[in-house]
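Asker: Make a model of this:
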Amino acid sequence: MTRDPFYKYNLQGVLKVTETIPGPKSSALLAEQRKYDSNALVYPGQVPLALSRGLGATVEDIDGNIFIDFSGGVGALNVGHSNPAVVEAIKWQADRLAHGLDFPSRPRVALSKKLVELAPGKMRNSSKVLMCGPTGADAVEAAVKLAKFNTKKPGIVSFEGGWHGVSGMSLSLTAKRSAKANYLPGVPEVYFAPYPYCFRCPFGMEHPGCGLACAHYLEHLIKDPDTGLAAPGAVLVEPVQGEGGIVVPPAGYMKELRRICDSNGLLLIMDEIQTGFCRTGKMFAVEHEGITPDIMTVSKSMGSGLPISGIVFRKELDTWGPGAHVGTFRGNALSCAAGVAGIEFMEKHALAERSKQLGAKVLKRCKELQSKYAPVGDVRGRGLYVGMELVKRDKVRSPDPDLLARLQKECFPKGLIVWKGGRAGNVARIMPALVVTEDLLDEGMTIFERGLKAVTQA
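Answerer: Numbers count the residues shown, from 1 in each chain. Next up is the predicted model:
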């Protein structure tokens with residue numbers, strides 16, 4: 001039997017999970033973290049994990065327990081934890097240069113060149129790059145500033161269910177009420193349109209019979225002078241909503257959005273921070289619709305585990321001057337070296353195609369679970385980026401975040417890390433590193449199904 005060629009990129013051997021999770025060493029470190037770190041922490045409160053090492057789609061805690069990681073660093077680890085090619089590039093670069101502001105270095109220029117060569121549609125080999133700070137939120141800030149600088153219009157249209165960060169501008173563009181409630185007012189002239197969330201259509205319609213009513217409503221908001229929008233200059237959108245619950249727009253929506261922007265003189269900003277770099281079965285998710293954005297934000301797997309972000313945009317928009325968007329850590333040499341190595345690994349090992357193939361298997365299996373378990377309200381995905389929405393057994397299929405929380409807790413002691421998403425926190429996200437082996441993926445899905453069975457029958 002031929003061994004999966006990606007076997008070596010994951011921790012080898014069977015899962016090891018003790019009876020008590022977290023173990024004594026993990027419990028002690030978690031307690032120590034709580035002593036010093038802010039209450040603003042999120043992840044350890046939901047999954048009590050104290051990490052020792054990771055490789056590929058697997059992690060080990062400090063008690064020696066090994067887990068399958070279905071969270072994939074929430075989009076930052078498409079090539080996996082501690083990918084050997086990335087680690088080697090970081091070591092090589094660390095001996096030479098770690099930090100260089102925005103002076104050119106070989107890894108910085110190489111990463112910019114890669115981004116231009118891989119840019120979607122008409123931007124390919126005809127775009128410019130601006131390296132931004134360590135987080136995706138800074139890329140969103142830069143994208144909006146660039147759009148406003150070019151259009152001279154104050155308004156930005158974002159989408160319900162969207163997530164773009166928690167800095168000043170990006171938080172204003174993020175839809176989640178709980179994230180922004182204590183920090184209002186935000187940046188003015190931000191408007192939210194309905195995202196094509198077909199499972200919970202705000203118009204009470206069904207696709208394709210709806211005729212993309214949500215897109216037509218957006219155009220109405222933009223064109224009608226009495227809808228309250230003050231001269232919007234750009235639309236900011238995720239090609240697949242990630243934190244919103246892996247919401248995949250119906251075919252044709254993004255093309256219609258491109259038409260609306262073109263017809264009304266708006267720039268289209270595509271947020272590829274979580275969807276980019278092979279996650280959905282293409283290098284960038286926008287390629288599924290064959291359109292070209294005006295500006296694209298990138299981060300997360302751009303650095304293959306190291307912090308970095310940037311924007312890629314049509315070169316015609318490069319009208320601003322020096323100092324228009326600055327930052328100390330723009331294009332950090334270590335992050336750029338990791339980014340180049342990660343992208344080269346993606347290309348060499350055809351991770352986009354691998355994501356497509358593995359994602360199809362996971363989607364099929366999840367749909368089978370949907371037919372067996374009534375609380376599975378909807379299953380959707382693109383590539384190895386799959387969401388399962390859990391619902392209550394009522395007429396309106398109300399979100400059931402408590403059921404997902406129980407599922408998460410059921411899977412963790414069995415050796416599987418599953419992360420939550422969705423507007424109500426009721427969507428299980430399946431997005432492991434793209435180097436996950438088929439055996440690990442199958443084992444993880446088996447644990448997931450057993451957990452689902454346990455919590456639905458409890």
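
Asker: At which residues are the helices of the chain located?
Answerer: For the chain, helices defined by DSSP state H occupy the ranges 24-36, 43-46, 84-94, 106-118, 136-151, 168-173, 177-180, 213-223, 253-264, 333-348, 351-372, 401-411, 438-457.

Asker: Which positions within the third one qualify as buried?
Answerer: Across helix 84-94, burial judged by 16 or more other Cβ atoms under 10 Å covers 85, 86, 87, 89, 90, 93. C-beta here means a position set from N, CA and C on the backbone, and glycine is covered the same way.

Asker: pLDDT value on the second one, please?
Answerer: pLDDT recorded at residue 86 is 99.

Asker: That one contacts residue 344, correct?
Answerer: No - contact criterion Cβ atoms under 8 Å: residue 86 and residue 344 do not qualify, at 9.6 Å.

Asker: between the helices of the chain, which one is nearest to residue 192?
Answerer: Checking the helices of the chain against residue 192 by Cβ to Cβ gives helix 168-173 as the closest, at 8.9 Å.

Asker: Mind listing what's buried along the closest one?
Answerer: 169, 170, 171, 172, 173.

Asker: ok, so what distance separates the second one from residue 64?
Answerer: Distance, residue 170 to residue 64, using Cβ to Cβ, to the nearest Å: 39 Å.

Asker: what does the fourth one give?
Answerer: When distances are taken as Cβ to Cβ, residue 172 and residue 64 turn out to be 45 Å apart.

Asker: Check what pLDDT the residue sitting nearest the centre point of the chain gets.
Answerer: When the chain is reduced to its mean C-alpha position, the nearest residue by Cα atoms, centre = their mean turns out to be residue 274, at 2.2 Å. Per-residue pLDDT puts residue 274 at 98.

Asker: That one against residue 75, yeah?
Answerer: Yes - in this structure, residue 274 is within contact of residue 75 by Cβ under 8 Å, at 3.9 Å.

Asker: which neighbours do those two share?
Answerer: Shared contacts of residue 274 and residue 75, defined by Cβ atoms under 8 Å, 6 or more residues apart in numbering, comprise 242, 300.

Asker: Could you tell me how many residues sit around the nearest residue to residue 381 once chain neighbours are set aside?
Answerer: Using Cβ to Cβ, 6 or more residues apart in numbering and skipping residues adjacent in sequence, the residue nearest residue 381 is residue 363, 5.0 Å away. As a burial measure, residue 363 scores 21 neighbours (other Cβ atoms under 10 Å).

Asker: Report pLDDT for residue 363.
Answerer: pLDDT, read off for residue 363, is 99.

Asker: Check residue 17 too.
Answerer: pLDDT at residue 17 comes out at 80.

Asker: go on, the one 3 residues further on?
Answerer: The model reports residue 20 with a pLDDT of 85.

Asker: mind listing the strands for the stretch 201-350 of the chain?
Answerer: Counting by DSSP state E, counting those that start in this stretch, the stretch 201-350 of the chain has strands at residues 232-237, 267-271, 295-298, 309-314.

Asker: Include mean neighbour count and distance to residue 455 when you put those strands into JSON lines, please.
Answerer: Output for the strands of the stretch 201-350 of the chain, formatted as JSON lines (neighbours: other Cβ atoms under 10 Å; distance: least, Cβ to Cβ, whole Å):
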{"stretch": "strand 232-237", "mean neighbour count": "24", "distance to residue 455": "34"}
{"stretch": "strand 267-271", "mean neighbour count": "27", "distance to residue 455": "33"}
{"stretch": "strand 295-298", "mean neighbour count": "29", "distance to residue 455": "36"}
{"stretch": "strand 309-314", "mean neighbour count": "26", "distance to residue 455": "37"}
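
Asker: could you list every residue that touches the residue lying closest to residue 231 once chain neighbours are set aside?
Answerer: Leaving aside its sequence neighbours, residue 231 sits nearest to residue 153 (Cβ to Cβ, 6+ apart; 4.4 Å). By Cβ under 8 Å, 6+ apart, the contact list for residue 153 reads 231, 232, 233, 234.

Asker: Can you tell me which of those residues is closest to residue 260?
Answerer: When the contacts of residue 153 are compared for distance to residue 260 (Cβ to Cβ), residue 232 wins out at 10.9 Å.

Asker: residues contacting residue 57?
Answerer: So residue 57 contacts 10, 68-70, 72, 80-81, 432-433, 435-437, 440-441 (Cβ under 8 Å, 6+ apart).

Asker: so which of the helices of the chain comes closest to residue 327?
Answerer: Residue 327 sits nearest to helix 136-151 of all those, at 6.6 Å, using Cβ to Cβ.

Asker: Now do that closest one against strand 309-314, angle only.
Answerer: 30 degrees (axes from the mean of the first three to the mean of the last three Cα atoms, to 10 degrees).

Asker: ok, residues contacting helix 136-151?
Answerer: Contacts for helix 136-151 (Cβ under 8 Å, 6+ apart): 130, 132, 154, 156, 164-171, 173, 233-234, 236, 265-267, 269, 271, 273-274, 294-300, 309-311, 313, 317, 319-320, 324-325, 327.

Asker: Assess the claim that residue 356 and residue 383 are in contact.
Answerer: Yes - counting by Cβ under 8 Å, residue 383 is a contact partner of residue 356 at 5.4 Å.

Asker: hey, what's in contact with both of those two?
Answerer: residue 281.

Asker: Neighbour count for the two, which is higher?
Answerer: In terms of neighbours (other Cβ under 10 Å), residue 383 is the more surrounded of residue 356 and residue 383; the figures are 28 against 17.

Asker: was I right about the more buried one contacting residue 362?
Answerer: No - using Cβ under 8 Å, residue 383 makes no contact with residue 362, being 9.5 Å away.

Asker: Can you give me the neighbour number for the spatially closest residue to residue 427 that is not a sequence neighbour?
Answerer: Nearest residue to residue 427, sequence neighbours excluded (Cβ to Cβ, 6+ apart): residue 245, at 3.7 Å. Residue 245 has 28 neighbours, counted by other Cβ under 10 Å.

Asker: Please apply the same query to residue 265.
Answerer: Residue 265 has 12 nearby residues by other Cβ under 10 Å.
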